[in-house]
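J.: how would this look folded up:
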Amino acid sequence: MYNNHKTVEDKMKKLPSYRLSASKKDQMHQNVMNALKDEDHSQPIRRKFDMRKIIVAISTAAALALCSIIGVNIISTNDQSTGNVEQPESIQNPSPTEQPEETEKDPREEQIIIEQKAKEIVQVLHNRQMDTLASYVHKEKGLLFAPEAYIEIYSLIFTKEQIATLLDDKTEYVWGLQEANTEIKLTPEAYFEKRIQAERFLNPDEVNVNPNVPEGERSTNIKNYFPEAMVVEFHYAGTEQFDRMDWRSLHLVFEENELGDWDLVAIVNGLWVP
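T.: Residues are numbered from 1 along each chain as shown. Here you go, the predicted structure:
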């Protein structure tokens, strides 16, 4: 019997502790010893069989305790590794149907941009760079020409593609009517020389964006045809020799395209008419 006790004790000592407290081990050991003492009073014929059952029970109990301790340690370790880590907030992706809000345009900034573009176009007209001029023209509306401030239903309109080669066209077009209702019949090249006269506006006396000109000799009807347009007026005041009656104005008219950019839609000349 002593040998059996010794064998069980040896096996208990060989079991790994896995952080099992001393009080827990003592309790388990005491339970086993009590079970063996009770076995001494049982019948000898059952002793060998019951001893095997006890050993199996002890091994099972030890295994369960080991699994429990390992499980607790794993959970504790995971808690420690994640408990102090701030979890990132989930990123809310915008709905595909949501459109970004359009930023409101600053009118003053728009005027600066359009005025600068108009000055570039005056230089292009002076240099007769028709390919470059075409790049400023509205793709859908083309470019309208009015020789004397007022747009008429018969004012000529050329497409963006036609503008690129316009000065190569030798056709004499009727651009409008002048004093005594006579026709202004000129080739495109002659019209640029006699009517547009871009060289006068390289250093103008005035540059006005959306000029508020009262009814009079410098008034136009541009807004009747292009109510949403931005207009840049280059004004040459004339000379004292002719009592300022040789004044001229060049109006470049811009409208927004589908992308929100301002494209050239009209070139309207103004001059003194007797």
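J.: now residue 267: how far from residue 106?
T.: According to C-beta to C-beta, to the nearest Å, residue 267 and residue 106 sit 27 Å apart. No exception for glycine: its C-beta is placed from N, CA and C like everyone else's.
J.: Who has more neighbours out of the two?
T.: residue 267 (21 against 10; other C-beta atoms under 10 Å).
J.: Hmm, that one is touching residue 234, no?
T.: No: with contact defined as C-beta atoms under 8 Å, residue 267 does not count as touching residue 234 (10.9 Å).
J.: joint contacts of the two?
T.: Counting by C-beta atoms under 8 Å, 6 or more residues apart in numbering, the residues touching both residue 267 and residue 234 are 250-252.
J.: Which one of the residues you listed is nearest to residue 210?
T.: Nearest to residue 210 among the shared contacts of residue 267 and residue 234: residue 251, at 10.6 Å, using C-beta to C-beta.
J.: Could you give the bridge partners of that closest one?
T.: Under DSSP bridges, the beta-bridge partners of residue 251 are residue 233, residue 268.
J.: Look up how far residue 242 lies from it.
T.: Taken as C-beta to C-beta, the span from residue 251 to residue 242 is 22 Å.
J.: The two: who's more crowded?
T.: The neighbour comparison of residue 251 against residue 242 (other C-beta under 10 Å) goes to residue 251, with 24 against 10.
J.: So that one is in contact with residue 265, correct?
T.: No: using C-beta under 8 Å, residue 251 is not in contact with residue 265; the gap is 11.1 Å.
J.: Can you give me the buried ones in stretch 135-152?
T.: For stretch 135-152, a neighbour-count test (16 or more other C-beta atoms under 10 Å) marks 136-138, 141-151 as buried.
J.: So which of the residues you listed belong to strands?
T.: 143-146 (DSSP state E).
J.: that older thread, let me know the closest of the buried residues of stretch 135-152 to residue 189.
T.: Closest to residue 189, out of all of the buried residues of stretch 135-152 and judged by C-beta to C-beta, is residue 145, at 13.2 Å.
J.: quick one, what contacts the closest one?
T.: 155-158, 175, 191, 266-268.
J.: For it, give me the pLDDT.
T.: Note on residue 145: pLDDT of 97.
J.: Bridge partners for it, pull those for me.
T.: residue 156, residue 267.
J.: How much space separates it from residue 263?
T.: 16 Å.
J.: Same question for residue 208.
T.: Counting by C-beta to C-beta, the gap from residue 208 to residue 263 is 20 Å.
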